[in-house]
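S.K.: coordinates for the following, if possible.
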Amino acid sequence: MADSLSKNIFSTITYYDVLDYPMTAFEVWKYLIAQNAEKTSLTEVLKILETEEIKKYVSEYRGFYFLKDRKNLVEERIERNKISQWKLKKARKIIFWLQFVPFVKMIAVAGRVGMKNAKNGSDIDLLIIFQRGKIFTGRLLATALVQIFGRRRHKNKIANRICFNHFLTDEFSVSVQDLYSSHNYIFLSVLYGAKVFQKFLEKNQWIKNYRPNFSFLENNLKTVEDTRVSFGIRKILEIIFSSAWIEKKLSDWQIEKIKKNPLTRKPGGMIIFNDCELAFWPDFENQGPKIFEAFQNKSNG
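M.R.: Residues are numbered from 1 along each chain as shown. Down below sits the predicted model:
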C-alpha cells in the first residue's frame, strides 16, 4: 500500500481480525493503530476505506469492515454483542455492591465482555482502581464480597463469574505498556468512576503512541452512580480500615500466598504484585504475544 495511513488502516483491521472482530468505519478511526503518528480525521479514514487499493484486501458488509473471506465474522459480532450486553447487566448488579467497598475509585469491565465480543462461556473480567496505599485491603474486601454473592470465578466455575485479574491504585502506574495493553485499556467498559478513568488516560499518555485517535467518551451504558447511602457507608468503612497497619498485614499475607501459588511460576505467565498494581495473567503468553504473532503473520501474508 502506498501511503502510511492506508497501511495503518489495514493493520488495524488485520489486528482485530485476529480477535474475530470486524469494525465499523468509526471504530477503525477511533482505535487506529498508528505508532508515534499524528491524529487523523474520520473523513480521511472514510476516504481510504472507499479506495480500490484497500478493497483488494478488505470487504464491507452491513457497515462492518473485515479481511477478505471473513464475512462470517459480522453475524458473529452481532451475536456476541448481544451476549456481552447481557453479561454487562450481570456485571452492573455486582458493581452496584462493589461501590460500597472502601477505597474504590473506579470499576470497569475488561476483556471480551468489555469490548462486547464475549462468548456464552466467557467470564467477566474486572479492573478496579483503589486509593493509593489501600490496594491489598480493597482487593480482599472486594473478593470477599463477590465470594459471598457466589459470583467469583473459581476452578471450573467460569461462565458469567467475576474474575479479579487486575487492580491498580490512583497513581495509575501500569507495568506493561505495549500494543496489546493499549487495546485492553481503550476497550474498557467503565461502569463506575468515569472521571477517574479520564485521569488514568491523562497519566498514561503512552497509549496515544499506539492509538493517536482514541479519546474516552463516557459510554452509553447504564453506569452505577454513587448515592448518599453508598457514599456514606463507604466512608464509614474507610475510617474502619484506615490503619496503615491493616494494609501492611494484608499485603504481607497476600504476597506470601501469591508467591506460593503454582500459577505464579507458570511458564509464559505474568503475575505482578506491588503496592501500585496487582495483575494475574497466568496465560499471558497465549494472549498478548500470541495475538501479536498472529497479527504479524496475517500482515505479512
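
S.K.: now do the strands in the stretch 51-200 of the chain.
M.R.: 58-61, 64-67, 104-110, 124-130, 162-169, 189-192 (DSSP state E, counting those that start in this stretch).

S.K.: quick one, which of the ones you listed gets closest to M270.
M.R.: strand 162-169 (10.4 Å; C-beta to C-beta). Every residue, glycine included, has its C-beta placed from N, CA and C.

S.K.: any idea how far the closest one is from the chain center?
M.R.: 10 Å (C-alpha atoms, centre = their mean, to the nearest Å).

S.K.: can you list the neighbours in contact with it?
M.R.: With contact meaning C-beta atoms under 8 Å, 6 or more residues apart in numbering, strand 162-169 is reached by 91, 94, 110-111, 123-135, 138-139, 142-143, 146, 151-153, 174, 200, 275-281.

S.K.: separate out the buried members of these.
M.R.: Neighbour counting with 16 or more other C-beta atoms under 10 Å marks 91, 94, 110-111, 123-135, 138-139, 142-143, 146, 151-153, 174, 200, 276-281 as buried within these.

S.K.: quick check: which helices or strands does the lowest-mean-pLDDT helix or strand in the chain pack against?
M.R.: Ranked by mean pLDDT, DSSP states H and E, the weakest helix or strand in the chain is helix 288-300, scoring a mean of 75. With contacts defined as 3 or more C-beta pairs under 8 Å, 6 or more residues apart in numbering; DSSP states H and E, the packing partners of helix 288-300 are helix 4-18, helix 179-186.

S.K.: what's the most buried one of those?
M.R.: Among the helices and strands packed on helix 288-300, helix 4-18 has the highest mean neighbour count (mean count of other C-beta atoms under 10 Å), at a mean of 21.

S.K.: how far off centre is that one?
M.R.: Using C-alpha atoms, centre = their mean, the offset of helix 4-18 from its chain centre is 20 Å.

S.K.: what does the next helix or strand after it contact?
M.R.: With elements assigned by DSSP states H and E, the helix or strand that comes after helix 4-18 is helix 25-30. Residues outside helix 25-30 that contact it (C-beta under 8 Å, 6+ apart): 9, 12-13, 40-42, 45-46, 49, 63, 65, 213-214.
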